[in-house]
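S.K.: Sequence first, predicted coordinates after that:
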Amino acid sequence: MEQKQARPLTPEEQAEAQKQSVIWQRECFQNAQKHLAEKGIIPQTVMDKECRFIAPLVAVWKFKAQNGKVYWVINGRLPADHAAVEAASSAREALRYFSMQWQLKADQIMQSGAVDKTKVDFANLLINRAHGLYDLFQREELWQNEPA
């Protein structure tokens, strides 16, 4: 089978892609704030220099809450989740942390003898997304500009 060569985007296509990325990022930001609020955590500020986006797959946010604590929040094409900032030293490390946590959660669901299709499907989703997060964590080219 013949592979098509990728052609450069036209300026109009680049502008549209940028616009879609901004919209996606804004939606993820609003969803991250909503996720924290649903957990009883009121976000105060976002530490944008430490946030990372791999559009349209995953966004990693660092929020300082009104309670003075700082949290990592992950969302995008995966379940939203959060952790205390102590769980990871960077957005990249946060991906690895969530990957491991989701594998543990999925294992707990399966070990509990879950037969409920919804729980089994959720465990499988966590496993799938955990593997995807770990793959992203390992890809050096995505983290070239990551502060040391």
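M.R.: Ah, there it is. Numbers count the residues shown, from 1 in each chain.
S.K.: Work out for me the element residue 68 sits within.
M.R.: Taking DSSP states H and E as the definition, residue 68 sits outside all helices and strands.
S.K.: And the pLDDT for it?
M.R.: pLDDT, residue 68: 97.
S.K.: Got phi/psi on it?
M.R.: In terms of degrees, to the nearest 10, the main-chain angles of residue 68 are phi 90, psi -10.
S.K.: How about residue 39?
M.R.: The phi/psi pair for residue 39 (degrees, to the nearest 10) is phi -90, psi 10.
S.K.: go on, residue 45?
M.R.: phi -140, psi 150.
S.K.: Grab the longest helix from this structure for me.
M.R.: Longest helix in the chain, counting residues (DSSP state H): helix 11-38.
S.K.: Tell me which residues of that one come out buried.
M.R.: For helix 11-38, a neighbour-count test (16 or more other Cβ atoms under 10 Å) marks 24-25, 28-29, 31-33, 35-36 as buried. For glycine as for every other residue, the C-beta is placed from the backbone atoms N, C-alpha and C.
S.K.: do the same with stretch 138-145
M.R.: For stretch 138-145, burial by neighbour count (16+ other Cβ under 10 Å) applies to residue 143.
S.K.: Just the residues contacting it, thanks.
M.R.: 54, 92, 136 (Cβ atoms under 8 Å, 6 or more residues apart in numbering).
S.K.: what about it, how long is it end to end?
M.R.: With Cα to Cα, to the nearest Å applied, stretch 138-145 spans 14 Å between its terminal residues.
S.K.: Ok, stretch 46-65 next?
M.R.: 9 Å.
S.K.: Sketch out the low-pLDDT regions of this protein for me.
M.R.: Counting by pLDDT under 70, the chain has low-confidence residues at 1-4, 114, 146-148.
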